[in-house]
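**Student:** Requesting a structural model of the entry that follows:
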Amino acid sequence: MDLVIDIGNTFAKVALFSEGRLHTLSRFSSLSLDDILDFTKAFSSQISAAIVSSVRDYPSGIDAYLEQNYFFIHLEPATAVPIKSNYETPETLGKDRLAVAVAAASLFPGTNALVIDAGTALTYDLVTASATYFGGAISPGIQMRFDALHHFTGKLPLLSGREKVCLVGKNTRNSILSGVLNGILAEVKAIVEDYQKMFPELQIIFTGGDYKYFVDKLNFPTFAEPNLVLMGLQKILEFNRV
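**Tutor:** Below you'll find the predicted structure:
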């Protein structure tokens, strides 16, 4: 079994993969070594490899334990991956963006794919049919847009809705909801259309905590996989273990 740990901006995901398939998954607001030991207790004898990807600090004892007990990778810009990259600054590329690109190339080999990760940020990542990563775009996610309107104004309230809203808001609350939710949906539609002009046969993949808001509101086919980052990390681990 493979132990895959993704420590993101909002929470950490810890997962076990068996024969390349997701077996067990837990989320933590903060992550400690004890959390990992509890999570893996029933499977400790079956785990042979582990990978950690993190965008924030976490207890150093986690890496030490994993390195001592398993084949271990801490994902870094120099880590070998099973796709090519044309990204100009790999040292600044988000690990989650790299992971979803790897997963997309694995799920849809020989296909141009655009991954839209609707999380804290809204990211777009393009992988071509030749399994080459080209980059994409980074935009504020839904909650970040709500937060910005509240933080950078004197009187606008902080909202957090994800419901379907009308176009014309007739009060302040509905006006904010319309601007944020209709605005981000319009952004996604327009950007996907521009990518489709470049690659007419383009697979659209959604992931991230807010993916459900988008998938039933778009007029083009999509594939949704909420655990795409974890899948990509497992593929990177598998690639380096061979």
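
**Student:** When you work out contacts or count neighbours from here on, use the C-alpha atoms and nothing else.
**Tutor:** Noted.

**Student:** so where do the strands sit in the chain?
**Tutor:** Along the chain, counting by DSSP state E, strands occupy 2-7, 12-18, 21-28, 49-54, 71-74, 84-85, 112-118, 121-127, 132-140, 202-207, 223-224.

**Student:** Now do the buried residues in the longest helix along the chain.
**Tutor:** When the chain is parsed with DSSP state H, its longest helix is helix 183-198. When burial is assessed from 16 or more other Cα atoms under 10 Å, helix 183-198 yields the following buried residues: 184-185, 188, 192, 195-196.

**Student:** Could you break this protein into its assigned domains?
**Tutor:** With domains defined by automatic domain parsing, the chain comprises 2-74, 84-232.

**Student:** Which of these sits closest to residue 242?
**Tutor:** Each of these has some distance to residue 242 by Cα to Cα; the shortest is domain 2-74, at 11.2 Å.

**Student:** Between the two ends of the closest one, how far is it?
**Tutor:** Domain 2-74 has an end-to-end distance of 14 Å (criterion: Cα to Cα, to the nearest Å).

**Student:** do the same with stretch 192-206
**Tutor:** Start-to-end, stretch 192-206 (Cα to Cα) is 12 Å.

**Student:** follow-up on the earlier one: compute the mean per-residue pLDDT across the longest helix of the chain, please.
**Tutor:** Averaged across helix 183-198, pLDDT comes to 96.

**Student:** What are the contacting residues of it?
**Tutor:** When contacts are defined by Cα atoms under 8 Å, 6 or more residues apart in numbering, helix 183-198 is touched by residues 142, 202, 214, 218.

**Student:** now the last one: how far from residue 142?
**Tutor:** Distance from residue 218 to residue 142, counting by Cα to Cα: 16 Å.

**Student:** Setting the sequence-adjacent residues aside, check what's closest to residue 123.
**Tutor:** Once flanking residues are discounted, residue 123 sits nearest to residue 138: 4.5 Å by Cα to Cα, 6 or more residues apart in numbering.

**Student:** Quick one: neighbours of the one you found, just the number.
**Tutor:** Neighbours of residue 138 under the rule other Cα atoms under 10 Å: 14.

**Student:** so what pLDDT did it get?
**Tutor:** Per-residue pLDDT puts residue 138 at 97.

**Student:** quick one: contacts of stretch 16-33?
**Tutor:** 1-4, 10-15, 39, 58-59, 61-62, 231, 234-235.

**Student:** Start and end of that stretch, how far apart?
**Tutor:** 16 Å.

**Student:** Just the buried positions in it, please.
**Tutor:** Of all the residues in stretch 16-33, those buried under the rule 16+ other Cα under 10 Å are 16-17, 22, 31, 33.
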